[in-house]
Structures are given as C-alpha cells and as structure tokens.
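**Student:** Need a 3D model of the sequence below.
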Amino acid sequence: MKNKFMNETNQKSTAIQRFIWWFAAAKTNRLEQCPDEWNRFTSLGIFVMIVAVLAVVSGTFFLTVSFNIGVLPAIIGGLFWGFTILSIDRVMLAFYHKGTGELKRILPRIVLAVLISVAVNEPLFVKIFENSIKTKLYADNAVVLSDTRTTSFYQSRKQALLSEINELKDRLQKLQTVKDDAEEVMNKERGGIEVDKITSGKTGEGTVYQMKKKIFDSAKANFDAESPELISRIESKTQELKTVEGDIENEVAAKQDVVSKTDFWKLHEAMFSMMWENPIMLALFIFLSVILMGIETTPLIQKFLADESSYDILIKKAGEIEAQKIELWAAAEIEKLKRNTEAKKTIADRVSEVVKDGTLKTPNVNEEKLAINAHSKIIGDLSSELFEAHKSDLFGNPIKIEIVDKPEFSGTTLSIPTESENTATMVNLSGQLERITDEVSKVENGEMKLAKATNSDHEEIDWHFTPLIQQLKADRKLLLHFEPDNIFADTVLN
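**Tutor:** Here you go, the predicted structure:
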C-alpha cells in the first residue's frame, strides 16, 4: 500500500525550491515527504518574496523622498524594512495551523497583514504620483510665498515710501515743467513767435519780453531752490525703499526655506488632496491598493481556505509524536528523581545510624567519610551552643561601649573573663579596642586613633595601673573618643 507521507516516487527537491519554501515558513524536511504540496508552497513562497521585495523598494523610496537621504543609506534602510516585513510574514505563516478555532486565529493575522500592506503600499504610491505631487506642492508653495509677500509686516511701510517718493517726484517734475514752459515762452517772445496771444509776436527784448523773463527767472529760482532738497529726499526715500524691499524678500526667503522642505506627511497631504479633486486618480489609488493588499494577504487566505493537506496532517502527527516524547521524558525524569530521593534517604538513614551509635563504621568507604564529617559538624554545633549557654559564667557582665558622636556603633561591648574582672586594665583589653578602632576607620574611610576613654561622668580612664571596673560607674559604660590619625602618631594603646 502506498504511503502518501513518503516520497516513493524518488522526487528530489532542488535548492531553489527549498529556498522558496523557506520564505513560506515551511518545514523543508516534512514538505519533502509530501510532493503533492510542493507547488502550493512554492506559490506561497513567491508571494512572500514579492511582498519582501516591494517592502525593500517602498522603504528605500520612503527614505529618499521623505527625508532626502542618500541612495546607499536609503537602500540599507530599505533592506532592513524588507527583512522586518519578511520576518513578520514568516512568523504569521509558521504559527498558523488548521484545526478548531481556526477563524479566531486567522482574523488577527489578516488584520495585521492588511496593516502591513498599507505600510508597504503608501510610499510606493507617493513615488508613483511623485511628479504630480511635486507640481501641486510647487503651486501651493508659490501661493504661500505670494501671500507672504503681500501680507508682510513691511508692506505698509513700502507703500508709504512709494507714495512719498511719487509725491516728491511729482513736485520736482512740476517745478521742472513750470521752469521749462517759462523759458520756452520767453524765447518765443524774443524770437517774435506769436503763440495764442501769450506772446506779442514782436522780436527783440521789449517790455513783454522783460515780463516773460521775470516769470522765467522766478520759476528757475524756485526750481534751483527746491530741487536739491527734493532730489536728496527722493534718493533717501529710494534707499530706504530698497532696504524695506530687502526685508520683505528675506521674510519670503525664510518662508520658502520652510515650505520647500517636504516630509512624509506633506507628501501624503498633497497626494490625498489631489485624489479628492481628481476621481480618476482616486480610482487608480484604490485599484492599486486592492491589488497590493491582495498580494500581502493571499498566503494567509490561501492557507485558511484550503482543506487540510497531507503536509498539515504530517505536521500535526509530528507534533503529537514530539508531545509524547516530552511526556515520556518527563515521566522518566520524575522516576529518576524518585529513585534518587529514595536512594538519598536510604544512605542518610545508614549514615545517621552509625553516627548515633558512635561507631562511625560502614561497609562503604565514602559513607564512612560522610559519617565522620557529619559527626564533626554535630560536635562543632554542640560546642557553639554550650559556649553560648555558659558565656555569662565565663565572662560575666559585658562593659557597654559608647563611641562619642557615632551612634551607629551603639550596642558594642567589651568582654572581661570573670576570673580577672577586678584586675584587668585597659591595656589588657587592647586587642578588643584595636578591633573597634579598625571598624571606626572603615566607617570613616580613613585612619582613626583612640584619643582617650572616659566613664559616664566624663572622668578620664587610667590605662596602665588602675583596673577598668574600678574606674567605671554603676552603669558599666565606657566612652571612647576617636580622632583622625593624619600623622600616623602612636595611639594611646601604645
């Protein structure tokens, strides 16, 4: 009988097929046993590859168009984005299995696939409509710059200057015209040219000529008197006008620096604004979106709609076998643990018996060593307990230590053997005092020395001759005074 899970036709997959199957998140060793599934998984892998390639292109366009990044860094970023999308797609395919509750499991994956398709598609659309978007942005920017120029804060001053300059020029032109007309009439009167009863028509410099000459002289005097000031004011106003116009252009240039920068959101805003105005462009956008979204979701939808295949059954059975192996391994480990626990208890019982009877002898050399060590440990613990129980008999009441200005050392004591309590001096306790000095030095992060010792009435203690107990008060309290040992001088202990 032919086993549908075994490759009895001796078909061999190629390296290219196995490479494509990897994109489809297939278990190659299992899939090779199901040759009837090869074409399906090859198709799935190709779809995943297409999405990954689109993601690389999309990510590269996104970085170059939106952030003006160089081509090489943009390609590296695009490859990273493509690898991310590929990894997500493979995870969704790898952990999707046929069975109960399949619809609940597929819905979140479909939603994620749709979101991935949107993330991949949008930069592609921006690149597709790039020329139209740039044209619209250029037109929008031109409107913004024009509005900036016409609504500039300096426009009112510019208009005022233009009005003042025009008035000054009109005044200068009027003076020039009056002078020129008077000169022309004077010359015609002298030449005997009759003009509409303005001149007499007689040649020479007669009475009429003298009158015309006076009119000319007056006009020329007015022109010569006012023109220098008018010209100066016109030049000054003109220079100020140039400055104001420069300020306006600087404001426009600053605005241009802002509006000329294109980012991701501005590009998308322009694109969707164009779609709102152009139904054909909107229809094309929807059409391409559906196609690209279909490419992204096809692998998952195909796995959902397809019947349970031989590959799915093989994977399920392999999973059941692995689960049984784990159960058997766990049972074996539990059994091993039980045996070890029982063996440990048996050995412990044997060792405990020889420790109890005091022989410390067992047939096993290692168990005998263990019994000896256990016996030594018990003896040590017992010695410590007996010592603590009879400590007051050995040392009597402790002497309370208080270190001046260092409350953290409260609770420190000195111990004097009962038999020498009435004769021990401070020198006899120098070892304990040195340990206290070392502890104080550690806390202070520097060398300290014991400067003096006093009782609770602040009477200084004699170190060498008088027993310590005789110098203390009824509270048995000893006050120690420390100070920095900066010069490494000998302490009072010496």
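**Student:** can you pull the contacts of residue 220?
**Tutor:** 179, 182-183 (C-beta atoms under 8 Å, 6 or more residues apart in numbering). Where C-beta positions appear, they are placed from N, C-alpha and C, glycine not excepted.
**Student:** so is it in a helix, a strand, or just coil?
**Tutor:** Put simply, residue 220 is helix when judged by DSSP: H, G, I helix; E, B strand; the rest coil.
**Student:** Next one, pLDDT for it please.
**Tutor:** Listed pLDDT for residue 220 reads 86.
**Student:** measure it to residue 167 for me?
**Tutor:** 22 Å (C-beta to C-beta, to the nearest Å).
**Student:** got a pLDDT number for the residue nearest the centre of the chain?
**Tutor:** The centroid of the chain falls nearest to residue 77 when counting by C-alpha atoms, centre = their mean (17.2 Å). We have a pLDDT of 89 for residue 77.
**Student:** which residues does it contact?
**Tutor:** Residue 77 neighbours (C-beta under 8 Å, 6+ apart): 59-60, 63, 69.
**Student:** Please repeat the previous calculation with a cut-off of 7 Å.
**Tutor:** By C-beta atoms under 7 Å, 6 or more residues apart in numbering, residue 77 lies in contact with 59, 63.
**Student:** element containing it, please.
**Tutor:** helix 71-94 (DSSP states H and E).
**Student:** Helices along the stretch 301-450 of the chain, start to end?
**Tutor:** 310-357, 365-389, 391-395, 430-444 (DSSP state H, counting those that start in this stretch).
**Student:** which residue lies farthest from the center of this structure?
**Tutor:** residue 202 (100.7 Å).
**Student:** okay, how far is it across stretch 248-268, tip to tip?
**Tutor:** 31 Å (C-alpha to C-alpha, to the nearest Å).
**Student:** next one: stretch 30-37
**Tutor:** 11 Å.
**Student:** can you check stretch 401-417 too?
**Tutor:** 17 Å.
**Student:** Just the buried positions in the helix or strand containing residue 57, please.
**Tutor:** Taking DSSP H and E as the definition, residue 57 sits inside helix 38-67. Buried positions in helix 38-67, judged by neighbour count with 16 or more other C-beta atoms under 10 Å: 38, 40-42, 44-45, 47-49, 51-52, 54-66.
**Student:** ok so, going back, mark which of the contacts of residue 220 are part of helices, please.
**Tutor:** Using DSSP state H, the subset of these located in helices is 179, 182-183.
**Student:** Just the buried ones out of these, please.
**Tutor:** Buried among the ones in helices among the contacts of residue 220 (16+ other C-beta under 10 Å): 179, 182-183.
**Student:** Return the member of these nearest to residue 449.
**Tutor:** Among those, residue 179 lies closest to residue 449 (C-beta to C-beta), at 111.3 Å.
**Student:** correct me, but the closest one touches residue 223?
**Tutor:** Yes - taking C-beta atoms under 7 Å as the definition, residue 179 is a contact partner of residue 223 at 4.5 Å.
**Student:** can you dump the C-alpha coordinates of stretch 290-310 into PDB?
**Tutor:** This file holds the C-alpha atoms of stretch 290-310, laid out as PDB (Å, rounded to 0.1, in the frame of the first residue of the first chain):
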ATOM      1  CA  VAL A 290      -6.600  46.400  -3.500                       C
ATOM      2  CA  ILE A 291      -4.100  44.600  -5.700                       C
ATOM      3  CA  LEU A 292      -1.100  45.100  -3.300                       C
ATOM      4  CA  MET A 293      -3.300  44.200  -0.300                       C
ATOM      5  CA  GLY A 294      -4.300  41.000  -2.100                       C
ATOM      6  CA  ILE A 295      -0.700  40.100  -2.700                       C
ATOM      7  CA  GLU A 296       0.100  40.600   1.000                       C
ATOM      8  CA  THR A 297      -2.900  38.600   2.300                       C
ATOM      9  CA  THR A 298      -3.000  35.800  -0.300                       C
ATOM     10  CA  PRO A 299      -0.700  33.400   1.600                       C
ATOM     11  CA  LEU A 300      -2.800  33.500   4.800                       C
ATOM     12  CA  ILE A 301      -6.100  33.400   3.000                       C
ATOM     13  CA  GLN A 302      -5.000  30.500   0.900                       C
ATOM     14  CA  LYS A 303      -4.000  28.500   3.900                       C
ATOM     15  CA  PHE A 304      -7.300  29.300   5.600                       C
ATOM     16  CA  LEU A 305      -9.400  28.400   2.600                       C
ATOM     17  CA  ALA A 306      -7.500  25.200   1.700                       C
ATOM     18  CA  ASP A 307      -8.500  21.800   3.100                       C
ATOM     19  CA  GLU A 308      -6.300  20.100   5.500                       C
ATOM     20  CA  SER A 309      -3.500  18.700   3.300                       C
ATOM     21  CA  SER A 310      -1.100  15.800   3.700                       C
END
